[in-house]
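S.K.: A predicted structure for the sequence below; I have some questions about it.
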Amino acid sequence: MTDALVVPPPTSPTRGERALAWREVDLDAVRHNVRLLASASAPAELMVVVKADAYSHGAPQVARAALEAGATHLGVAILEEAFALRRAGIESRLFAWLAAPRAPYAEAIGLDIEVAAYSGAQLAEIAAAARAMRVPAQVHLKAETGMWRGGAADEWPALVALAHRYEQEGLVRVVGVWSHLACADEVDHPATDEQRDSFLRAVEVAEAAGLRPRLRHLANSAATLTRPDLRFDLVRCGLAAYGVNPLVGQPAPVDLRQAMTVRARVTHVKDAPAGAGVSYGHTYRTSAATRLALVPVGYADGLPVLAGGGGTVGVAGASAAIAGRVCMDQFVVDLGDLPVAPGDRVTLLGPGHDGEPTAEQWSAVSGRSRYETLTALGRDRLPPVYVGERAAT
């Protein structure tokens, strides 16, 4: 008869002490960025976008930091994200803009969550939920202005007329009229002016129908930083709040600080001769005798496979090349003569202080957008560790 297995209780990694790899999130950097954005956009109010678990930074933690630093609103994509924030004790103004038919609007209304309407049919469904709850729904009407994603196009006059009727019935309160920019990250792209003009016409139609929305909002991070004429009453900032430059081909005009750093511990180091083929396909060969380090992070953790074609990491304060293809759970680093041993720390992504690439540099090497670079890293095998977290009051 064998002894029964003894399973140890689960443990929570603290500052990466037990984890092979982890995401380090600097909430003080988030606060710094939000303060800059709030100042830059004033007198417009600031919505910080915390969808996709705050771009893999942790939605409740980022939400609290953003509100402490001056954000007046929070934004998410789907209602389930909004419900999770309410469960976490977040009581601020909260907007969720993406829902399918038969969405749980009644629950959203009961939790004081603002919702979006892109069509008359969607608005009617929201109004029906408000009637059942006996509480008016707070609604932002979205106009199509040139991105051709979500929003009312030819239906806009009918949508705003229906919204006014529902307001008269006490079923909805139109708190916002909004749209989304397609090309604001490319400064001076002509589509942005075209969308501004289309948005202003949509606002005029809404006002002519009798609506008086308090919030007109169009600007994303890029427009917030470069287009004062597009800030209106509210701006919506996502990428910039996390310290990543939202502009293509030029630096950000303010001192953004990247909030996420991804670290891992070296698990194995060995010598390799010149000409050794490394990883799958032998796409990398050592140019001289060297030392190789194994890092336990791979594409299953959100690392781009293409990072092996020119990607680097920070090791011992220097930049070292990723050798060959990134595998599912691991990749190899060509150390040269860097003094590295198993257990030493490697920085995969961060603000660049330790030789590591920034999110912007990862994006350039991998072909991924900066948004995808961040959101891909929200994996269970990269547990978050928070720096600058404050006790709830």
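M.R.: Sure thing, it's come through.
S.K.: does residue 95 count as helix, strand or coil?
M.R.: Three-state assignment for residue 95 (DSSP: H, G, I helix; E, B strand; the rest coil): strand.
S.K.: which ones are touching it?
M.R.: By C-beta atoms under 8 Å, 6 or more residues apart in numbering, residue 95 lies in contact with 47, 73, 74, 75, 76, 82, 113, 114, 115, 116, 140, 176. Backbone N, C-alpha and C define where each C-beta goes, glycine included.
S.K.: now, those residues that are in helices?
M.R.: Residues of those located in helices (DSSP state H): residue 82.
S.K.: and for residue 372, nearest residue in space, chain neighbours not counted?
M.R.: residue 363 (7.9 Å; C-beta to C-beta, 6 or more residues apart in numbering).
S.K.: how about the strands in the stretch 201-350 of the chain?
M.R.: Applying DSSP state E, counting those that start in this stretch to the stretch 201-350 of the chain gives strands spanning 215-217, 234-237, 260-265, 268-272, 277-278, 284-285, 290-295, 312-315, 318-322, 331-334, 345-349.
S.K.: for beta bridges, what are the partners of residue 261?
M.R.: Residue 261 forms beta bridges with residue 24, as assigned by DSSP bridges.
S.K.: what segments of the stretch 151-300 of the chain are helices?
M.R.: 156-168, 190-208, 221-226 (DSSP state H, counting those that start in this stretch).
S.K.: tell me which other helices or strands the shortest one touches.
M.R.: Spelled out, that is helix 221-226. Helices and strands touching helix 221-226, by 3 or more C-beta pairs under 8 Å, 6 or more residues apart in numbering; DSSP states H and E, are helix 27-41, strand 234-237.
S.K.: can I get the strands of the stretch 201-350 of the chain in a markdown table including mean neighbour count, distance to residue 182 and mean pLDDT?
M.R.: Output for those, formatted as a markdown table (neighbours: other C-beta atoms under 10 Å; distance: least, C-beta to C-beta, whole Å; pLDDT from 0 to 100):
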| stretch | mean neighbour count | distance to residue 182 | mean pLDDT |
| --- | --- | --- | --- |
| strand 215-217 | 22 | 16 | 98 |
| strand 234-237 | 26 | 14 | 98 |
| strand 260-265 | 24 | 26 | 98 |
| strand 268-272 | 13 | 46 | 98 |
| strand 277-278 | 18 | 41 | 96 |
| strand 284-285 | 16 | 38 | 95 |
| strand 290-295 | 20 | 38 | 98 |
| strand 312-315 | 24 | 32 | 95 |
| strand 318-322 | 18 | 33 | 96 |
| strand 331-334 | 25 | 35 | 97 |
| strand 345-349 | 23 | 27 | 96 |
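S.K.: for residue 200, find the nearest of the ones you listed.
M.R.: strand 215-217 (8.9 Å; C-beta to C-beta).
S.K.: can you list the residues that contact that closest one?
M.R.: In contact with strand 215-217 (C-beta under 8 Å, 6+ apart) are residues 45, 47, 140, 175-178, 199, 203, 232-236.
S.K.: circling back to that earlier point, how about the residue nearest to residue 372, what does it touch?
M.R.: With C-beta under 8 Å, 6+ apart, residue 363 has these contacts: 369, 370, 372, 373.
S.K.: before we move on, back to that, among the helices and strands packed on helix 221-226, which is the most enclosed?
M.R.: The highest mean neighbour count among those, using mean count of other C-beta atoms under 10 Å, belongs to strand 234-237: a mean of 26.
S.K.: just want the most central residue of the chain.
M.R.: Central residue of the chain (C-alpha atoms, centre = their mean): residue 55, 2.7 Å from the mean position.
S.K.: read off the pLDDT value for residue 274.
M.R.: For residue 274, the pLDDT comes out at 98.
S.K.: isn't residue 385 up against residue 21?
M.R.: No: contact criterion C-beta atoms under 8 Å: residue 385 and residue 21 do not qualify, at 10.7 Å.
S.K.: so for the two, which sits in the more crowded spot?
M.R.: Comparing residue 385 with residue 21 by other C-beta atoms under 10 Å, the one with more neighbours is residue 21, at 23 against 19.
S.K.: which ones are touching the more buried one?
M.R.: 262, 263, 264, 265, 295, 296, 297, 301, 348, 381, 382.
S.K.: between the residues you listed, which is closest to residue 277?
M.R.: Out of those, the member with the shortest distance to residue 277 (by C-beta to C-beta) is residue 295, at 18.4 Å.
S.K.: contacts only, for the closest one.
M.R.: Neighbouring residues of residue 295 by C-beta under 8 Å, 6+ apart: 21, 264, 266, 267, 313, 330, 331, 332, 333, 346, 348.
S.K.: could you do residue 71 as well?
M.R.: By C-beta under 8 Å, 6+ apart, the contact list for residue 71 reads 34, 38, 46, 47, 48, 92.
S.K.: could you redo the last one with a cut-off of 6 Å?
M.R.: 34, 46, 48 (C-beta atoms under 6 Å, 6 or more residues apart in numbering).
S.K.: what is the neighbour count of residue 204?
M.R.: So residue 204, with other C-beta under 10 Å, has 10 neighbours.
S.K.: roughly how far does it sit from residue 211?
M.R.: Distance, residue 204 to residue 211, by C-beta to C-beta, to the nearest Å: 11 Å.
S.K.: residue 276 contacts residue 284, correct?
M.R.: No: checked against C-beta atoms under 6 Å, the pair residue 276 and residue 284 is beyond contact range at 9.0 Å.
S.K.: quick check: beta-bridge partners of the closest residue to residue 217 other than its chain neighbours?
M.R.: Leaving out its chain neighbours, the residue that sits closest to residue 217 by C-beta to C-beta, 6+ apart is residue 234, at 4.0 Å. Residue 234 forms beta bridges with residue 45, residue 217, as assigned by DSSP bridges.
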